[in-house]
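J.: Need a 3D model of the sequence below.
(chains A and B)
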Amino acid sequence: MSGPWPAATQLAVSTLQVGGVLVGGPLLLGLTRKVKARLEGRTGPPVRQPWRDLRKLAGRERTRPEQASWIFPLAPLVLVATALVVAAGAPLVAVNPAFGTSADLFAVVYLLLLGSVALALAGLDTGTAFGGMGASRALTIGAVAEPALLVAVLALSIPARSSNLPAIVSSSLAHPIWLASPQRLLALGAFLIVVLAENGRLPVDNPGTHLELTMIHEAMVLEYAGPDLALVTLGESARLVVLLGLLANLFAPWGIATRPGAATLAVGAVTVVAKVGALGVGLAVFEVFMAKLRLFRVPELLSGAFVLAVLAVVVALVVP
Amino acid sequence: MRAGSYDSVLALAVGAVLVCAVAALWLSSVRGVVRVLAAQGLALGLVALLLGLHVHDTALVATAGVVVGLKAVVIPTLLRRVAGETHSRETRPLVNVPASLVAAAALSLLAFSTTRDVVRLVPTGAGKLVPVGFATLLLGFFVLVARRKPVFQMVGLLLVDNAVALIAFLITAGVPFLIELGVSLDVLLGVVVLMVLASRLRADYGEVDLDALQELRD
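T.: All right, here's what the predicted structure looks like:
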């Protein structure tokens, strides 16, 4: 890293990242829906439709199940808050945002896990059949997906000799030869599968349907309505943006701002938006050609991701 | 070719051989596994080609050609013909897929922890990759013991063979051309014999299940 960053710049970067993730999340959802619709020969809703839905939901009356305890209203807040805390510290626009020194690999993975656990608890809280089923399915998947994510990023942290995400990004910028090494490709494979599983995308969960026998995420949040549902949707979309942004910058860090300055920050912001947008389009195209896996095959997919991640660590230990 | 990019392309090719072995454990359709085996043969040929170009050894480059021709084209075609009549899948392996993938992770850790001394013996950059070859070897053995269908067991055998060839390439920059040719022909012969055996078994008993062949009868 070239010289210390002014604290004001770091704060500005963090604010920009949090704002961008918040605003960009629903837009990314809209973009993927639009691309999918176009590929399927439909016109599809406009890209800003998720934002309109959110506004409509936010204006509705607050209704909650009678049996719900304090966990139920808290869970959406935890989900949004954890995603935004990760967005504040993760190396998205620049390698050195305000809470960059605490954006440790373990902190980031467990913050994201905290959000999913909160949602699963809320699913159990109301005591309905669907909520419990969705929560148990989501945790079954999460229990394999989180270690795979952790181990995959661990493989990247071995050559960088630091588990700090900004440090990993800046050291892989300094050594471009690492970008094509086998451990990075293995970790990339594991990371991609985990991103799909964690966000309930197609081979694991179908984001477009409420089919009662197969749904995972939708079953968990079935009891939410109005402003609470708006928060859940916002949190989920923010999480998707954060994970895609981390994916883009950990494996293809070009364009991220390494020096303070308006021009480099602008370039960093534009490239990260372009990368996340491209990944979103790729996700939509992938989902068009993909069928949902049977629920009992999902652990096979995720344990495959885990093995890829372990192999990445092992190869990283062998190939310096 | 610059030293850095040579090392990383070699590491990529060797890594691809390992990933193919994992994929052979992961997939359950015969068609997919045979395709993976062909890809592994291709990656193995690439390793031989890179090493041959690096040490300017024409025999090794010729070996690369033999390896690709045999392991990426001929043997997969033969296997596809064995499996061709039935679109068979491995429906009841002895170890299910998630468990065998976790076992694969454990086996590769074992390979990497036990081959430290071998790595120390070989000072070249290629020598550092030897543990990957041993991991592939153990995964091949695992496919051999964990699957029931004979086609999968043949695939396991071929994975072991590929791994041995990979280790030979990495440690000694290739065995002499004649020996490599002899070994390759042995493997081809083995596959042909197994193929004939499997088709005779199927002609006689309808289904090829090696576990049923436990005792002798008149």
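J.: which residues touch the residue in the stretch 101-250 of chain A that chain B sits nearest to?
T.: Among residues of the stretch 101-250 of chain A, the one nearest chain B by C-beta to the nearest C-beta turns out to be A:Pro182. It sits 2.9 Å away. Using the backbone N, CA and C atoms, a C-beta is placed for each residue, glycine as well. Under the criterion of C-beta atoms under 8 Å, 6 or more residues apart in numbering or on different chains, the neighbours of A:Pro182 are A:Ala312, A:Val315, A:Val319, B:Ala11, B:Leu12, B:Val14, B:Gly15, B:Ala16.
J.: And the helix or strand the fourth one falls within, what does it pack against?
T.: Which is B:Ala11. Using DSSP states H and E, B:Ala11 falls within helix B:3-26. Counting contacts by 3 or more C-beta pairs under 8 Å, 6 or more residues apart in numbering or on different chains; DSSP states H and E, the secondary-structure elements packed against helix B:3-26 are helix A:182-198, helix A:298-318, helix B:30-55, helix B:97-114, helix B:130-146, helix B:150-172.
J.: Tabulate those helices in CSV, adding columns for mean pLDDT.
T.: Formatted as CSV, the entries for the helices and strands packed on helix B:3-26 read as follows, by pLDDT from 0 to 100:
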stretch, mean pLDDT
helix A:182-198, 87
helix A:298-318, 86
helix B:30-55, 88
helix B:97-114, 87
helix B:130-146, 89
helix B:150-172, 85
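J.: Those into TSV, with extra columns for distance to A:His175?
T.: Below are the helices and strands packed on helix B:3-26 laid out as TSV (distance: least, C-beta to C-beta, whole Å):
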stretch	distance to A:His175
helix A:182-198	11
helix A:298-318	13
helix B:30-55	21
helix B:97-114	23
helix B:130-146	21
helix B:150-172	24
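J.: Between those, which one is closest to B:Val61.
T.: Each of those was scored for nearness to B:Val61 using C-beta to C-beta, and the closest is helix B:30-55 (3.9 Å).
J.: wait, B:Arg81 sits on B:Met195?
T.: Yes: because the distance of 7.4 Å satisfies C-beta atoms under 8 Å, B:Arg81 is recorded as touching B:Met195.
J.: mind saving the C-alpha coords of stretch B:37-52 as CSV?
T.: Coordinates of the C-alpha atoms in stretch B:37-52 are reproduced here as CSV (Å, rounded to 0.1, in the frame of the first residue of the first chain):
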residue,chain,number,x,y,z
LEU,B,37,-10.9,-39.1,-17.9
ALA,B,38,-10.3,-37.8,-21.4
ALA,B,39,-9.7,-34.2,-20.1
GLN,B,40,-7.2,-35.7,-17.6
GLY,B,41,-5.3,-37.4,-20.4
LEU,B,42,-5.2,-34.1,-22.2
ALA,B,43,-3.8,-32.3,-19.1
LEU,B,44,-1.2,-35.1,-18.7
GLY,B,45,-0.1,-34.7,-22.3
LEU,B,46,0.2,-30.9,-21.7
VAL,B,47,2.5,-31.6,-18.7
ALA,B,48,4.7,-33.9,-20.7
LEU,B,49,4.8,-31.3,-23.6
LEU,B,50,5.7,-28.5,-21.3
LEU,B,51,8.5,-30.5,-19.5
GLY,B,52,9.8,-31.7,-22.9
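J.: is it anywhere near chain A?
T.: No: for stretch B:37-52 and chain A, the contact criterion (C-beta under 8 Å from any C-beta of the partner chain) is not met; the two come no nearer than 11.0 Å.
J.: re earlier: so which of the helices and strands packed on helix B:3-26 is nearest A:Ala230?
T.: helix A:182-198 (20.9 Å).
J.: So which other helices or strands are in contact with the helix or strand just after that closest one?
T.: Scanning forward in sequence from helix A:182-198, with DSSP H and E defining helices and strands, the next element found is helix A:217-220. Other elements packing on helix A:217-220 under the criterion 3+ C-beta pairs under 8 Å, 6+ apart are helix A:105-125, helix A:129-160.
J.: among these, which is nearest A:Thr271?
T.: A:Thr271 lies closest, by C-beta to C-beta, to one member of the helices and strands packed on helix A:217-220: helix A:129-160, at 19.5 Å.
J.: next SSE after that closest one?
T.: Beyond helix A:129-160 in the direction of the C-terminus, DSSP H and E gives the next helix or strand as helix A:165-174.
J.: Between the two ends of stretch B:166-179, how far is it?
T.: Taking C-alpha to C-alpha, to the nearest Å, stretch B:166-179 runs 14 Å from one end to the other.
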